[in-house]
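Novice: kindly return the folded structure for what I paste below:
(chains A and B)
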Amino acid sequence: MATLFDSWDETGINTNTSIYGTRFYTQSFGATGTYTVNSIEWYGSRALLPGECFIEIYATDPADLGKPTGAALASQAFDADTVIGTSDAWNSITFDAPYEVTRGTTYAILLRAPNGDVSNDLDWRSDSTSAYDPGTQMWSFDGGSSWTITGGNNDTLPFKVNGTSGTPTVANVISAFENTPVGTNVDLTDWQAQVFTAGSTVIAIGVDLSLYATSGSTATLTIALYPTNGSGEPDTSAAALASKTFAASALTSLANRPNPWITADFTTNPTIVSGTKYAIVVSSDTNEVKVKMNRSTDPNSPYTGGEAWSTADSGSTWTVVSGGAADFAFKLYVFNTVGVTPSDLNYDKHLVAVASNEVWWESTSGTMAEITAANGDIDCSKELNIFEGYGKVFVANDSNLKVADFSSVKITTTNIGANPPDPGTILTGGTSAASMVVDYVTSLSGASVIYGLNITDFTFAAETVTGTDDDGNAISFTGTAEVAPPHWYDWTAFGASATFGVLPNKATLGALFRGRAVISGNPEAPHQWYMSRQASPFDFLYGVNDAQAAVAGNNADAGEIGDIVTAVIPYKDDFLIFGCASTMWYLTGDPTSGGSLDELDLTTGIFGAQSWCWGEDGELYFWGVNGIYKVKLPGGVPQCISQIRLPKLVDDEAADPSTHRIVMSYDKRRAGIHISVTLMSDGSNSCYWYDLRTDGFFPESYPDECGIFSSIEYEAVDPAFKQVMYGCKDGFIRFADDSEKDDDAGASGDTAVSSYVTFGPFLLSNLAMNEGKIIGLDVILGADVQGSSQSDSDSVSYELYTGKSAKEVLEKMVDGTPIAAAGTVTGSGRSRNTFRRKVRGVYGGLKLKNVTAAETWALEQILIDVAKAGRLK
Amino acid sequence: MAAIGFPISGIDKGRAIPEEDLSTTPDCNNARPYDTIDKRGRGGQRPPFDKAYSEQIGGSPGPIVAITQVTVVS
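Specialist: Numbers count the residues shown, from 1 in each chain, chains lettered A, B, ... in the order given. Coordinates of the predicted model:
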């Protein structure tokens, strides 16, 4: 469907043009978009029978009055005798061959009636009351050899150009000019700006401005799109959202035109948000005073979406031009919703990691940066645990109770006033109109820092901030401009006031449960746990008689001494499990509203704060007194799942909480649990993969640099980072990467994954006193047999062992000697007769291994041919 | 001819050796039941560890003692 893109309506006194023979008339126009011209309408009529006529589109020559030049870009014949009436009207001519015009380019519409005469002609009525700019009406009475501007550039031939395209449209326009333009200078220090309000969320692609330059200008101009600050003035201290530079010399030819438009298409196209103010800023790189920027005409009808601004110090300070009554002429071009891809994302994720007494966060996807304010404010030699809640990360590190706040903005005041805000109070900036929901303040009197979620698109400026507290009292104080997150501050009660209770002196464990910040691991009261008020992690006032109040307790039967808490494990809002040194307890529901605290197990505790994880069906896995346990609540009893196949697990690992860290991580993408036992002093480790699909344990080991100290199943926005992230010994965050073949050992470089698996021992004979002999062995590796897109396995080495007993074969396989036969399977897929020798014994065993760097393998099947070999000797 | 598959039930150190199921193994290391090439249950080498970020937390070799994620309004 065609859309009207460019036009000049018939608005004034019309004069006659008589078009016939070599009398041509043309009207030029500036294309406001890049679009395909389907039809052109012209306003007028015919006299008698002019016959076949033509409407055409030409390029124009800016160096020669802007006259039509070259061959017709598009030409359409029409039978005027039948399609044009004898009374003035809009006449639409459709082009059989549509032509695409380019935004910012001037074209000429030419009308001619070569078969007509003075009595049989066309009359394209001329509007003689006002001028269309940037177009010009011209005539030629010699068939286009010479051209003359009609009416001193004040006449316009009415036209409508219709086309098809989704791009671009004009979003904001102030295009009425001063009759006698008085340009405002643009030079090195004098910049001009027009602020506008985006009418909808669209992609800005460029602007047209009314600029001209006097002869000899050597300046390079920059037209840039900037955000505005809380006062609505151009924020040129921020990075430009988009920009375009061009030589001012290109504008000098426009100097003698009253209303010159120039086009600046941005090199990048930012999305501008509905209701948000932006500034179009024009600057220059020279001191020459030759470039002027035109203002619009009508001071009685100023643009209401923003003002014209001016600076005399290169953007350091901005002043509203003429009190806001004079706007600079501009047209904003955008891609509207046609062709715009929507986004459903309304949140962001950041990884947060702690090492070497520093806190780092994922400032942008894939990049970790330090929160410098936290440097040295924690002590990693002491137990430290962190947990997320309300867009913040709470840090429990002995006496260092801290908050890394990623959602709040910060404003500071020297005097918070007589009525400080309460948690949840809404504060509003007096001039910026920004509003925040208060989360935390550092003090309820005098100087204070206020943190809260900015719930508007505006930014707090240095201004008076007001609100109403919970008691209806007016809040008012002078605040600084807001500072964006992240922030780092002490975790205290709200305002550090006893009105909101007090946190314990120390804590090393924490979690979020039912909207409460739960902390424990206080060396001064190791059996105790503490919960903040619901939805208020800065309120620890106990004993208040309501269901959401803060609460503290311990885990014990009445009259007993509580056990020492080693882990705090929330499961949804249903249960909170307290792992202790020798026992386990669980809280059902809310402790201040009918909840109950019961023992889960009095025979095992949990090794450490990270020695657990939840599985795929809501079952808890943890490292307890006898190995790896599994329990499902409610009603379940912890079962040691490693006991049958790894009966000596605890003895073999000999893990000591003072020297070892055990971390358990559920990897949902691989449907298994990674269990790591790391010696903290050097990172050496012994790990297990527990595969939930096969119910099997698989021992693993990693380079010391990869020794695991922490982990998180990271649900990143970027799919590439949706991984279980492991915090490692050498300070790097790693993940299991199926696309690689070697372990990244940091400073030690890439290290081969030394892998092996043994098969058997298996009987080689059906008779107990007989030996058998292996006469054939095929090891079939994963392969791309048909040359498809599947990847091949690398090679594996095999070792065959035989013996008189299964135990003998096993010992040989573990020791790696003596080997009955060995070789390497190098081909992928099935390569016949991997093994041709004959080895004999009662029992046999096979070991496959690969210790080579940059290799990995997959096994399809092993085929063994066995034959009788006689009686055992 | 006997066909043997990968011991997908993992390591078993709790039975008499002759009685061990061939779906288990008495000894293995760095092998998993699902391979990294096609992600099928046929056995293979475990996935290696690779750096997720080029930055070293703390700027020097020290263990990452805690890690979490935080969700914020975009």
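
Novice: quick check: beta-bridge partners of the closest residue to A:A853 other than its chain neighbours?
Specialist: Among residues not flanking A:A853 along the chain, A:A752 sits closest, at 4.0 Å (C-beta to C-beta, 6 or more residues apart in numbering or on different chains). In this view, the C-beta of every residue, glycine as well, is placed from N, C-alpha and C. Counting by DSSP bridges, A:A752 forms beta bridges with A:D742.

Novice: just A:T94 next, same as before
Specialist: In beta-bridge terms (that is, DSSP bridges), A:T94 pairs with A:S39.

Novice: number of residues surrounding it?
Specialist: Other residues near A:T94 number 15, with proximity taken as other C-beta atoms under 10 Å in any protein chain shown.

Novice: show me what contacts it?
Specialist: Contacts for A:T94 were tallied using C-beta atoms under 8 Å, 6 or more residues apart in numbering or on different chains; they are A:N38, A:S39, A:Q76.

Novice: whichever of these end up buried, select them in PyMOL.
Specialist: Selecting the buried subset of the contacts of A:T94 in PyMOL, with 16 or more other C-beta atoms under 10 Å in any protein chain shown as the burial test, is done by:
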select buried, chain A and resi 38+39+76
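
Novice: closest to A:V441 among the contacts of A:T94?
Specialist: When those are compared for distance to A:V441 (C-beta to C-beta), A:N38 comes out closest, at 62.8 Å.

Novice: follow-up on the earlier one: got a markdown table for the contacts of A:T94, with distance to A:S316 and pLDDT too?
Specialist: Shown next, in a markdown table, are those (distance: C-beta to C-beta, whole Å; pLDDT from 0 to 100):
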| residue | distance to A:S316 | pLDDT |
| --- | --- | --- |
| A:N38 | 50 | 84 |
| A:S39 | 52 | 89 |
| A:Q76 | 56 | 93 |
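
Novice: just give me the closest of the contacts of A:T94 to A:Y542.
Specialist: Among those, and counting by C-beta to C-beta, the member closest to A:Y542 is A:N38, at 75.7 Å.

Novice: so where do the strands sit in the stretch 301-450 of chain A?
Specialist: A:308-311, A:319-320, A:330-335, A:347-355, A:358-364, A:367-370, A:385-389, A:392-397, A:400-405, A:409-413, A:426-429, A:435-441, A:448-454 (DSSP state E, counting those that start in this stretch).

Novice: only the buried residues of the fifth one, if you could.
Specialist: It stands for strand A:358-364. Buried, per 16+ other C-beta under 10 Å, within strand A:358-364: A:E358, A:V359, A:W360, A:W361, A:E362.

Novice: need the phi and psi values for A:T220.
Specialist: phi -110, psi 120 (degrees, to the nearest 10).

Novice: ok, it touching A:T245?
Specialist: Yes - with contact defined as C-beta atoms under 8 Å, A:T220 and A:T245 form a contacting pair (5.7 Å).

Novice: would you tell me which residues of the stretch 551-700 of chain A are close to chain B?
Specialist: Taking C-beta under 8 Å from any C-beta of the partner chain as the contact definition, the stretch 551-700 of chain A meets chain B at A:643-648, A:670, A:672, A:680, A:683, A:689, A:691, A:693-700.

Novice: what's the span of stretch B:30-48, first residue to last?
Specialist: 9 Å (C-alpha to C-alpha, to the nearest Å).

Novice: and it, average pLDDT?
Specialist: Average pLDDT, stretch B:30-48: 96.

Novice: just the buried residues of strand A:358-364 that are near chain B?
Specialist: Near chain B, by the rule C-beta under 8 Å from any C-beta, you find A:E358, A:W360, A:W361, A:E362 out of the buried residues of strand A:358-364.

Novice: and the closest residue to chain B within the stretch 551-700 of chain A, what's its pLDDT?
Specialist: Closest residue of the stretch 551-700 of chain A to chain B, C-beta to the nearest C-beta: A:G696 (2.5 Å). Note on A:G696: pLDDT of 97.

Novice: how about A:S831?
Specialist: 65.

Novice: where's A:L810, which helix or strand?
Specialist: helix A:806-815 (DSSP states H and E).

Novice: what helices or strands is that helix leaning on?
Specialist: strand A:755-763, strand A:796-803, strand A:843-850 (3 or more C-beta pairs under 8 Å, 6 or more residues apart in numbering or on different chains; DSSP states H and E).

Novice: so what's the residue count around the residue in the stretch 251-400 of chain A that chain B sits nearest to?
Specialist: Going by C-beta to the nearest C-beta, chain B is nearest to A:S356 of the stretch 251-400 of chain A, at 2.8 Å. Neighbourhood size, A:S356 [other C-beta under 10 Å]: 20.

Novice: so which residues of chain A form helices?
Specialist: A:80-83, A:649-653, A:806-815 (DSSP state H).

Novice: need the residues of the stretch 251-400 of chain A near chain B, please.
Specialist: A:345-358, A:360-362, A:366-370, A:380, A:384-388, A:391-393.

Novice: all strands of chain B, in order?
Specialist: B:2-4, B:28-29, B:31-32, B:44-45, B:49-51, B:64-73 (DSSP state E).

Novice: dump those strands into JSON lines; add distance to chain A as well.
Specialist: Shown next, in JSON lines, are those (distance: least, C-beta to the nearest C-beta, whole Å):
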{"stretch": "strand B:2-4", "distance to chain A": "4"}
{"stretch": "strand B:28-29", "distance to chain A": "4"}
{"stretch": "strand B:31-32", "distance to chain A": "4"}
{"stretch": "strand B:44-45", "distance to chain A": "4"}
{"stretch": "strand B:49-51", "distance to chain A": "4"}
{"stretch": "strand B:64-73", "distance to chain A": "3"}
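
Novice: possible to save the ones you listed as CSV with mean neighbour count?
Specialist: Shown next, in CSV, are the strands of chain B (neighbours: other C-beta atoms under 10 Å in any protein chain shown):
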stretch, mean neighbour count
strand B:2-4, 13
strand B:28-29, 22
strand B:31-32, 28
strand B:44-45, 28
strand B:49-51, 21
strand B:64-73, 22
